[in-house]
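In: predicted model, plus sequence, below.
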Amino acid sequence: MRVIPYSRQYINEDDINAVINILSNDWLTQGPTIEKFERTIAEYCGAKYAVAVSSGTAALHLACLVAGIGSNDEVITSPITFVASANCALYVGAKPVFVDVTPDTICLNPQNLEEYLNAKFSTRSPSQHVTTPKAVIPVHFAGVPCDMEAIRGIAEKYNLLIIEDACHALGAEYRVGEKWNKVGSCSHSDMAVFSFHPLKHITTGEGGAITTNNSKFYERLILLRTHGITKTHTNFINKDLAFSTSDKPASNVNPWYYEMQELGFNYRITDIQCALGLSQFKKLDYFVARRREIAAKYNKAFKDIECIKIMKEPEKTKSTWHLYVVRIDFQRLGKSRSLVMNKLRKKGIGTQVHYIPVHLQPYYKKMGYKEGNYPVAEQYYKLCLSLPLFPGLSKKDIGLIISTIREEFQYENVAY
Ligand SMILES: *Cc1c(COP(=O)(O)O)cnc(C)c1O
């Protein structure tokens, strides 16, 4: 039996042709399509630079590295996210710290951030300062931009860098004063990170990107993406090895020469992936519009069901509706979440839970985090369920999802 997944990529003939065509190109990787893809990302977001890499996780790791985060530093993020948003702190030897989310948007709550930092920095005893907050990673949960104006204000006060986890929010916008800012423009952050996994807004199979307006960050991202190796002659350090004569124009560069200047990684994306990404980008505005349209339909269809609480798009934001999350009062409904999920699955509707709070994962529990630490996140987790939402959902499937959900709740004699 066919089950509608909670999310799915949208691939059409143009995408397929783009991939087929690139296969007869000179470059399968490290070629010009990567730069073209990067320029497209940067221009779309309104940032100066974009660096495309092998995954969103690699993007987060590199962002933390170039931000200079290391041991004795803390990286603050929210507990309701994919584990990668916190793991990137561990990759660079820092301590991941969580602050609770706002009950309405499930985004990092600026007030909790400020309280945490205030308590941290007002502790005068240096022995208690084993680790110092260095960066904050706000996650634009389900496509709703965090309150970047507030977060920026707090980050400036406490001297924190901001790395947006924008993996849910390619195409999202937020308004500050009169001005609408695209997520990824970095108008209120140092860097923003995207993922192009098939379940994100556009896909390259696997892939990710970092946007920034900071040329220093940009140059180091490029370097660290590929082993810390540079072939740019103006950057060479070992001049004796690099140049054949004592004056150092490009024409005197030893033709074999390259230089490893830092310990980097192979986090490269391929030209094949970028060809797909470029083709996907042409549909991005349609994807976002379609998601918003379906979400609006759901909102209308579910708003009278008393056991269901729908997510609202806050004022001053344009959400990309990466996920359609409802909060269900399972207690009142008299059914467990797993029962509801299994029943819906039998009726052809796939659902998922986003997310198990990161601090409750065994690996994080070993670090000392425990149940009760972040009550808003934990309460949300008990109620949340993501319903299918993706651009390729047919009218028929949308109708089926709506009628099945309504039936499911009406059957239990719940007033709506
Ligand atoms: C998908 C995702 C990531 C990781 O991206 P990958 O490309 O899968 O490595 C990180 N953070 C969030 C919020 C995500 O949704």
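Out: Nice, I can see it.
In: now the helices for the stretch 251-400 of the chain?
Out: Listed in chain order, the helices of the stretch 251-400 of the chain (DSSP state H, counting those that start in this stretch) span 271-281, 284-302, 330-333, 337-346, 362-365, 375-383, 395-411.
In: next, format those helices as CSV and append mean pLDDT.
Out: Listed next are the helices of the stretch 251-400 of the chain as CSV, based on pLDDT from 0 to 100:
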stretch, mean pLDDT
helix 271-281, 98
helix 284-302, 97
helix 330-333, 93
helix 337-346, 97
helix 362-365, 98
helix 375-383, 98
helix 395-411, 90
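In: and those helices: which comes nearest Tyr258?
Out: Closest approach to Tyr258 among the helices of the stretch 251-400 of the chain is made by helix 271-281 (19.9 Å; C-beta to C-beta). Where you see a C-beta, it was placed from the backbone N, CA and C, and this is true even at glycine.
In: show me the contact partners of that closest one.
Out: 14-15, 17-19, 21-23, 25, 27-34, 36-37, 40-41, 44, 52, 196, 202-207 (C-beta atoms under 8 Å, 6 or more residues apart in numbering).
In: what about stretch 357-376, how long is it end to end?
Out: The first and last residues of stretch 357-376 sit 11 Å apart, counting by C-alpha to C-alpha, to the nearest Å.
In: count the residues that sit near the closest residue to Asn254 other than its chain neighbours.
Out: Leaving out its chain neighbours, the residue that sits closest to Asn254 by C-beta to C-beta, 6 or more residues apart in numbering is Ser244, at 5.6 Å. Neighbour count of Ser244, defined by other C-beta atoms under 10 Å: 11.
In: mind checking how far Ser244 is from His233?
Out: 12 Å (C-beta to C-beta, to the nearest Å).
In: ditto for Asp240
Out: Relative to His233, and taking C-beta to C-beta, Asp240 is found at 14 Å.
In: the two: which is more packed in?
Out: Set Asp240 next to His233 and count neighbours by other C-beta under 10 Å: His233 wins out with 18 against 7.
In: and the closest residue to that one other than its chain neighbours, what are its bridge partners?
Out: Nearest non-adjacent residue to His233, counting by C-beta to C-beta, 6+ apart: Val253, 4.6 Å away. As for beta bridges, Val253 partners with Phe243 under DSSP bridges.
In: is Val253 in contact with Thr245, as I believe?
Out: No: judged on C-beta atoms under 8 Å, Val253 makes no contact with Thr245 at a distance of 10.2 Å.
In: what are the boundaries of the strands in the stretch 101-250 of the chain?
Out: Here the stretch 101-250 of the chain has its strands, by DSSP state E, counting those that start in this stretch, at 132-137, 161-165, 173-176, 179-182, 191-195, 208-212, 229-230.
In: among those strands, which is nearest the ligand?
Out: strand 191-195 (3.3 Å; C-beta to the nearest ligand atom).
In: from Ala86, how far out is the residue in the chain that the ligand sits nearest to?
Out: As assessed by C-beta to the nearest ligand atom, the ligand sits closest to Gly56 within the chain, at 2.4 Å. Look at Gly56 and Ala86: by C-beta to C-beta, they are 13 Å apart.
In: just Gly350 next, same as before
Out: From Gly350 to Ala86 the distance is 26 Å (C-beta to C-beta).
In: Leu65 too?
Out: The value you get for Leu65 to Ala86, if C-beta to C-beta is used, is 16 Å.
In: looking at those two, which is more packed in?
Out: Set side by side, Leu65 and Ala86 show more neighbours around Ala86, with 27 against 21, by other C-beta under 10 Å.
In: now do the contacts for the more buried one.
Out: Ala86 neighbours (C-beta under 8 Å, 6+ apart): 75, 77, 96, 98, 137, 358, 364.
In: around the second one, how many other residues sit close by?
Out: Spelled out, that is Thr77. 24.
In: what does the stretch 51-200 of the chain have sitting close to the ligand?
Out: 55-57, 81-82, 84-85, 139, 165, 167-168, 195, 197 (C-beta under 6 Å from any ligand atom).
In: of these, closest to Phe287?
Out: Nearest to Phe287 among these is His168, at 12.9 Å by C-beta to C-beta.
In: so where's the stretch 101-250 of the chain uncertain?
Out: Counting by pLDDT under 70, the stretch 101-250 of the chain contains low-confidence residues at 124-129.
In: give the closest residue to Ile41 in space, chain neighbours not counted.
Out: Distances taken as C-beta to C-beta, 6+ apart place Ala50 nearest to Ile41, at 3.9 Å, with adjacent residues excluded.
In: and that neighbour, that's in a helix?
Out: No: judged by DSSP: H, G, I helix; E, B strand; the rest coil, Ala50 forms no part of a helix; its state is strand.
In: contacts only, for it.
Out: 38-39, 41-42, 209-211.
In: which two from those end up farthest apart in space?
Out: Arg39 and Ile210 (14.2 Å).
In: please say which of those two ends up with more neighbours.
Out: Shown here are Arg39 and Ile210; by other C-beta under 10 Å, Ile210 has more neighbours (32 against 13).
In: so how far is Val183 from that one?
Out: Distance of Ile210 to Val183, given as C-beta to C-beta: 13 Å.
In: equivalent analysis for Ile272, please.
Out: Counting by C-beta to C-beta, the separation of Ile272 from Val183 is 27 Å.
In: same deal with Arg39?
Out: Taking C-beta to C-beta, one finds Arg39 at 18 Å from Val183.
In: backbone dihedrals for the residue nearest the centre of the chain, both of them.
Out: Central residue of the chain (C-alpha atoms, centre = their mean): Cys167, 2.0 Å from the mean position. Main-chain torsions, Cys167, degrees, to the nearest 10: phi -60, psi -20.
In: try the one 10 residues further on
Out: Backbone torsions of Gly177, given as degrees, to the nearest 10, read phi 60, psi -120.
In: residues near it, how many?
Out: If you count neighbours by other C-beta under 10 Å, Gly177 ends up with 7.
In: what comes up buried for stretch 60-75?
Out: 60-67, 69, 73-75 (16 or more other C-beta atoms under 10 Å).
In: Throw those into a markdown table and include secondary structure and pLDDT, thanks.
Out: Below are these laid out as a markdown table (DSSP: H, G, I helix; E, B strand; the rest coil; pLDDT from 0 to 100):
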| residue | secondary structure | pLDDT |
| --- | --- | --- |
| Leu60 | helix | 98 |
| His61 | helix | 98 |
| Leu62 | helix | 98 |
| Ala63 | helix | 98 |
| Cys64 | helix | 98 |
| Leu65 | helix | 98 |
| Val66 | helix | 98 |
| Ala67 | coil | 98 |
| Ile69 | coil | 98 |
| Asp73 | strand | 97 |
| Glu74 | strand | 98 |
| Val75 | strand | 98 |
